[in-house]
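S.K.: Sharing a model prediction with you, sequence too.
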Amino acid sequence: MNRLAFDRVACARRGQLLFETLSFALGPGDAALVTGPNGAGKSSLVRIAAGLLAPASGAVIRDGGLALLAEATALDHDRTLADALRFWATLDGAAREAVPAALAALDLTPLAAAPVRILSTGQRRRAAMARVVASGSPIWLLDEPANGLDQPAVDRLAALIAEHRTRGGIALVATHLPIALPDAIEVRL
Ligand SMILES: Nc1ncnc2c1ncn2[C@@H]1O[C@H](COP(=O)(O)OP(=O)(O)OP(=O)(O)O)[C@@H](O)[C@H]1O
């Protein structure tokens, strides 16, 4: 069963404790909303969840594949959007057919043949989200997924997360912008 849990996790950066004894457990269909002021440790929490940063103490339990949306989009600027997503779909072990569906889900189909470098800020954010969708991973770790998005795109993002949860997926969302996540566990840092 897919699962993401923090068990008394502490996070320290440059000797400073950002949070400690943080515990929560997410199962199929669950979501966590991570909020807090700048520098509180939202991105650090996402990186700990992803296994990219070690907790100062405590443990993280991950059962299921992960997809991470972080600040930097790892899409190759010189490829077309569809090509860049196909590259990641292959690495993520996803079906190549997942790419057109993900492009459509993020309203990016008209830009499929455009080079990644010409995409606007919001389009780039949606492209990074398309990679998460195409991956087919059950556990989504989303760091500021609404950054640069207009309101219709934020609403579409919320709907995508809701669909993912309906299919038994898990979402951990760190954001300083409002995103509708019904019945999410709230983690305030
Ligand atoms: N690679 C790093 N090495 C050392 N300290 C770091 C590193 N990345 C972040 N920090 C520090 O950790 C603290 C928390 O940063 P983090 O990015 O997790 O916060 P945040 O809540 O996501 O902030 P924001 O809302 O501004 O994005 C900050 O004081 C930051 O300077």
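M.R.: Now that the structure is in, tell me what you want to look at. Residues are numbered from 1 along each chain as shown.
S.K.: pull the helix or strand with minimum mean pLDDT from this structure.
M.R.: helix 81-91 (a mean of 92; mean pLDDT, DSSP states H and E).
S.K.: can you list contacts of that one?
M.R.: Helix 81-91 has contacts (Cβ atoms under 8 Å, 6 or more residues apart in numbering) with 74-76, 79, 94-96, 98-100, 102-103, 108, 111-116, 119, 127, 130-131, 134-135. Using the backbone N, CA and C atoms, a C-beta is placed for each residue, glycine as well.
S.K.: Flag every buried residue along that helix.
M.R.: For helix 81-91, the neighbour count (16 or more other Cβ atoms under 10 Å) marks Leu81, Ala82, Asp83, Ala84, Leu85, Arg86, Phe87, Trp88, Ala89 as buried.
S.K.: okay, the angle between the following helix or strand past it and helix 81-91?
M.R.: Per DSSP states H and E, helix 81-91 leads on to helix 98-105 as the next helix or strand towards the C-terminus. Interaxial angle, helix 98-105 versus helix 81-91 (axes from the mean of the first three to the mean of the last three Cα atoms, to 10 degrees): 130 degrees.
S.K.: Quick check: next helix or strand after helix 98-105?
M.R.: Sequence order places helix 121-135 as the next helix or strand after helix 98-105, per DSSP H and E.
S.K.: Any figure for the gap between Ala54 and Leu142?
M.R.: Here Ala54 is placed at a distance of 21 Å from Leu142 (Cβ to Cβ, to the nearest Å).
S.K.: Out of these two, name the residue with the larger neighbour count.
M.R.: Taking other Cβ atoms under 10 Å, Ala54 and Leu142 do not tie; Leu142 has more neighbours (24 against 11).
S.K.: Remind me what the strand or helix carrying that one packs against, helices and strands.
M.R.: According to DSSP H and E, Leu142 maps onto strand 139-143. If you count contacts as 3 or more Cβ pairs under 8 Å, 6 or more residues apart in numbering; DSSP states H and E, strand 139-143 packs onto helix 42-50, strand 66-69, helix 121-135, helix 151-166, strand 170-174.
S.K.: Serialize the ones you listed to a markdown table and add fields for mean pLDDT and mean neighbour count.
M.R.: Formatted as a markdown table, the helices and strands packed on strand 139-143 follow (pLDDT from 0 to 100; neighbours: other Cβ atoms under 10 Å):
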| stretch | mean pLDDT | mean neighbour count |
| --- | --- | --- |
| helix 42-50 | 97 | 22 |
| strand 66-69 | 96 | 21 |
| helix 121-135 | 95 | 22 |
| helix 151-166 | 97 | 16 |
| strand 170-174 | 98 | 26 |
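S.K.: Ok, which of these comes nearest Leu4?
M.R.: With Cβ to Cβ as the measure, strand 170-174 is the member of these nearest Leu4 (5.4 Å).
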